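> For reference, the sequence and a predicted model appear below.
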Amino acid sequence: MECSNKSTIDSRSGFCKSTSIFYSKRKPIPLPPNQSVDVTTFVSSQAHHGKFAFIDATTGRHLTFSELWRAVDSVASSLSDMGIRKGHVILLLSPNSIYFPVVCLAVMSLGAIITTTNPLNTSGEIAKQIADSKPVLAFTTQHLVPKLTGKTNLPIVLLDEDLNSPVRDGKIVSTLVEMTRKEPNGSRVRERVDQGDTATLLYSSGTTGASKGVVSSHRNLIAMVQTILGRFHLDEGEQTFICTVPMFHIYGLAAFAMGLLASGSTIVVLSKFEIHEMFSSIQNYRATYLPLVPPILVAMVNGAEQIRAKYDLSSLHSVLSGGAPLSKEVIEGFVEKYPAVTILQGYGLTESTGIGASTDSLEESRRYGTAGLLSPSMEAKIVDPDSGMALPVNQTGELWLRGPSIMKGYFSNEEATTSTLDSEGWLRTGDLCYIDDDGYIFIVDRLKELIKYKGYQVPPAELESLLLTHPAISDAAVIPFPDKEVGQFPMAYVVRKDGRDLSDKAVMDFVAKQVAPYKRIRRVAFVASIPKNPSGKILRKDLIKLATSKL
C-alpha cells in the first residue's frame, strides 16, 4: 500500500501515519524493466573495468573477469549437454573457493536452481536436505564425497583442481576442470528465464523450528545486487574484499558470488577461516574491505597491539559486521584501536535475501545498538504480537519487512510460508524491534527461538528432538547461553528418566556425534521438570533467566 499522501511521511523517521508503514529513507533501487533476465546475465552485463575477479588467498590462483565469464559459459554448456534444464535443482557442497561462484552463476544462467549446504553438516543432515530439495546433480570436493555416498545415488561433479588419486567411484560423472575446458556452446537452446523464476534454495531455520528451504527468485537476487552496489559506493574505483564468510550462506552468496562481481571488485577467498591468514591476506593483497561477524571484530579489538605490530593493515578502510548488533564498548574500542577504519553493520535474514537494514557510515554505526536504516526500497511495520496492531515510532513490536528482496516462500511448505509471509507480501521476521525518531531499527529481543553461534543459526527445536531420542532422557529444553567469544552457544536443561545415571559429558557426546560442530551442546543442567505454559510450550525465557542469574 502506498502512503496516500507523500507529505504525510515523516522525513526523519520515514513513518506514514495513514498506512502505519515505515518507508526507507535511502534512494530506491532500480530493477531491470526487462522481465526476462536472469541474475547471471544481469551481473555479467554491468560495465566495469576490473581485472581480477577472484584470488585464492592460500595458493594465489586467480580468475580474471574474462576467465570467470568464460568458465561460467563452459560449465553452463556442459550442464546443458548433461540434460540440466530450467527448474532442476543442483546441490553444491563445498568450502569457499574461487570456483564456488562459477558453479552458482552457471546453474542460475540455465534457470536451474542452486541449493547449498554447510560442509560441516553431518551426512544425516545433508541427506535430509537432499530428500527435501530433490537435486538431480551434486558438485562437491573429493574430501566431502563420503558425506554424499551411502544415502544417495546422486551423480557427482568433483570441484578439486588437483585430484590426489584417480577417481573410481561410479557416481562421479565429471570434474569442474573438464567442464571449464569445454568450448561454450553458443547455439544451445536457452530457455527463457524470468525475474520471478526461482534461482536459489538456501536452507534456513526460519523464524522457528526445523530447517526449511527458502525460495529466492532472480528478482530477489538482482535487488540484493543493486543494494550491495549502492551501499558501498563501488563506482568510486576498484576495491579488494576479503571473503571470510561462508559462500553457502546468503550473506556470502549474495555478496561474493554476485553483488561485488557486478562492481568489478577483487575478492580474495579464504577456503576456511583462519584469523592470521585473514590478516596476511589484507597485507599481501592490500585489501580495502573486510566482512566479518562480531566475534572476529571483538578478537581484533582485544589483540590490536599484537595484530598491528605483526601486519600492515593500512590499506583497510572498512569492516562490515553482520549477525548481531555491536555494543557501544566494541564500536568505541575498535574506533580507538583502528582509527582509519570505518565500521559498517548489516541486519538481514535468508528470507530477505540478505541485507534488510544497515549502517552505511561510521556516523550511522555510532547510533549504538542499532541494526541500521531500512535498505533501499524496503518497507517495515512494527506490529504488536498480541493485538496485530501496527505501531508508530519508539514502540516495540515484531518487525515485518516488505520489498523486492523478500523471498517467494518456503519450499514445499505452505504452512510455514503462510505463517511467515502474509497475503500482502509482509515477512514476519520474528525479531522484536522498535524504530526511533530518525528511522533507526533497534532489535530488542527475538520472538523466534534461534541461537546465534558465531553467526550460525542453531534451532533449539532440532536439538530438543534429538535429546528426546536418548534412552535416559525424559524431557529436554535448549536455550542460548551468552558467551563473549561466540555470541551464544546451546545449553541444555535435561530431565533424567526414572532417576537414571547420566552425566553432562554423556549428553554432550551424544549430541556431538549427530550434528555439525556449531550445533553442539556446550553446557548441561539437570532439572526435575521443564517449565511450560498451559499449552505445553517451553518457557525458554524462565530458563534463560535461571541460567544467566548465576553469571
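All right, it came through fine. Residues are numbered from 1 along each chain as shown.

> Relative to residue 101, how far out is residue 355?
Applying CB to CB, to the nearest Å, the value for residue 355 to residue 101 is 19 Å. Every C-beta, even on glycine, is put in place using the N, C-alpha and C of the backbone.

> To clarify, my last question referred to residue 342.
Counting by CB to CB, the gap from residue 342 to residue 101 is 26 Å.

> Compare neighbour counts for these two and give me the winner.
Applying other CB atoms under 10 Å to residue 342 and residue 101 shows that residue 101 carries more neighbours, namely 29 against 20.

> from memory that one sits against residue 257, does it?
Yes - counting by CB atoms under 8 Å, residue 101 does reach residue 257; the two are 3.7 Å apart.

> who touches both of these two?
residue 247 (CB atoms under 8 Å, 6 or more residues apart in numbering).

> Could you pull up the contacting residues of residue 345?
By CB under 8 Å, 6+ apart, residue 345 lies in contact with 320, 321, 322, 325, 326, 358, 359, 365, 370, 371, 372.

> Work out for me the element the closest residue to the first one other than its chain neighbours sits within.
Counting by CB to CB, 6 or more residues apart in numbering, residue 291 is the residue found nearest to residue 320 once chain neighbours are left out, at 4.2 Å. Counting by DSSP states H and E, the element that carries residue 291 is strand 289-292.

> Following the chain past that strand, name the next helix or strand.
The helix or strand immediately downstream of strand 289-292 is helix 294-302, counting by DSSP H and E.

> Show me what counts as buried in that following helix.
If you call a residue buried by 16 or more other CB atoms under 10 Å, then helix 294-302 has these buried ones: 294, 295, 296, 297, 298, 300, 301.

> rewinding a little: now for the strand holding residue 291, which elements pack on it?
In this structure, strand 289-292 packs against strand 240-243, strand 318-322, with contacts taken as 3 or more CB pairs under 8 Å, 6 or more residues apart in numbering; DSSP states H and E.

> So what touches that strand?
For strand 289-292, the surrounding residues in contact (CB under 8 Å, 6+ apart) are 232, 239-245, 251, 255, 265, 278, 282, 316-322.

> mind redoing it with 6 Å?
With CB atoms under 6 Å, 6 or more residues apart in numbering as the test, strand 289-292 has contacts from 239, 241, 242, 244, 245, 318, 319, 320.

> Wait, the first one touches residue 288, no?
Looking back up the chat, that one is residue 239. Yes - between residue 239 and residue 288 there is a contact under CB atoms under 6 Å: 4.7 Å.

> Please work out which residues outside the longest helix seen in the chain touch it.
Ranked by residue count and defined by DSSP state H, the top helix of the chain is helix 65-81. If you take CB under 6 Å, 6+ apart as the criterion, helix 65-81 is touched by 44, 50, 53, 102, 105-106, 109-110, 179-180, 182, 184-185, 188.

> Of the residues you listed, which belong to helices?
44, 102, 105, 106, 109, 179, 180.

> what helix or strand is residue 276 on?
In the assignment (DSSP H and E), residue 276 maps to helix 275-285.

> Also residue 193?
Secondary structure from DSSP H and E places residue 193 outside every helix and strand.

> Tell me the spacing between it and residue 231.
Look at residue 193 and residue 231: by CB to CB, they are 26 Å apart.

> Check residue 400 too.
Residue 400 sits 22 Å away from residue 231, going by CB to CB.

> Looking at the two, which has the bigger crowd around it?
residue 400 (23 against 20).

> hang on, that one packs against residue 425?
No - using CB under 6 Å, residue 400 is not in contact with residue 425, being 9.9 Å away.

> on that earlier part again, between the buried residues of helix 294-302, which is closest to residue 22?
residue 294 (25.4 Å; CB to CB).

> what's the closest one in contact with, if anything?
Neighbouring residues of residue 294 by CB under 6 Å, 6+ apart: 321, 323, 324, 326.

> Kindly report the same for residue 229.
Counting by CB under 6 Å, 6+ apart, residue 229 touches 262, 263.

> helix or strand for it, which one?
In this assignment (DSSP H and E), residue 229 forms part of helix 218-231.

> what mean pLDDT would you report for that helix?
Here helix 218-231 scores 93 as its mean pLDDT.

> and residue 463, how far is that from residue 504?
Where residue 504 is concerned, residue 463 sits at a distance of 15 Å (CB to CB).

> the more surrounded of the two?
Legend: neighbour count by other CB under 10 Å for residue 463 and residue 504, higher for residue 463 (22 against 14).

> how close does that one sit to residue 510?
Per CB to CB, residue 463 is found 11 Å from residue 510.

> again with residue 410
30 Å.

> Those two: which is more packed in?
Each of residue 410 and residue 510 has its neighbours counted (other CB under 10 Å); residue 410 has more, 23 against 18.

> That one and residue 419 touch, don't they?
No - counting by CB under 6 Å, residue 410 does not reach residue 419; the two are 9.4 Å apart.

> roughly how far is the least confident helix or strand in the chain by mean pLDDT from the heart of the chain?
Taking mean pLDDT, DSSP states H and E as the measure, the helix or strand of the chain with the lowest value is strand 456-458, at a mean of 83. In terms of CA atoms, centre = their mean, to the nearest Å, the centre of strand 456-458 is set 10 Å apart from its chain centre.

> What strands line up against it, and which way round?
Using DSSP bridges, strand 456-458 pairs in its sheet with strand 451-453 (antiparallel).

> average pLDDT across the strand it pairs with?
What strand 451-453 shows for mean pLDDT is 88.

> residue contacts, the nearest residue to residue 256 once chain neighbours are set aside?
Closest residue to residue 256 apart from its sequence neighbours, by CB to CB, 6+ apart: residue 243 at 4.8 Å. Each residue near residue 243 by CB under 6 Å, 6+ apart is listed here: 256, 267, 269.

> List only buried entries from these.
Neighbour counting with 16+ other CB under 10 Å marks 256, 267, 269 as buried within the contacts of residue 243.

> quick one: the last one and residue 95 touch, right?
No - counting by CB under 6 Å, residue 95 is not a contact partner of residue 269; they are 9.6 Å apart.

> Which of the contacts of residue 243 scores worst on pLDDT?
Across these, the bottom pLDDT score, 93, is held by residue 256.

> Let's verify it: helix, strand, or coil?
Three-state call for residue 256 (DSSP: H, G, I helix; E, B strand; the rest coil): helix.

> Check whether residue 506 sits in a helix, strand or coil.
At residue 506, secondary structure determined by three-state DSSP is helix.

> nearest spatial neighbour of it, skipping sequence neighbours?
Of all residues not flanking residue 506 in the chain, residue 472 sits nearest, at 8.0 Å (CB to CB, 6+ apart).

> thinking again about what came up before, mean confidence for the longest helix of the chain?
The pLDDT scores in helix 65-81 average 95.

> pLDDT weak spots in the stretch 101-250 of the chain?
Residue ranges of the stretch 101-250 of the chain with pLDDT under 70: 150-151, 164-170, 186-189, 205-209, 233-237.

> As a check, name the ranges of all strands in it.
Along the stretch 101-250 of the chain, counting by DSSP state E, counting those that start in this stretch, strands occupy 113-117, 137-140, 156-158, 172-175, 198-204, 212-217, 240-243.

> got it, and the stretch 251-400 of the chain?
With DSSP E, counting those that start in this stretch as the criterion, the stretch 251-400 of the chain has strands at 266-269, 289-292, 318-322, 342-349, 354-359, 370-374, 379-383, 390-391, 397-402.

> re the thing from before, mind telling me the two of the contacts of strand 289-292 farthest from one another?
Every pair of the contacts of strand 289-292 checked by CB to CB; the farthest is 239 and 245, at 16.3 Å.

> ok, these two, which is more surrounded?
residue 245 (24 against 20).

> how much space between the more buried one and residue 464?
Counting by CB to CB, the separation of residue 245 from residue 464 is 28 Å.
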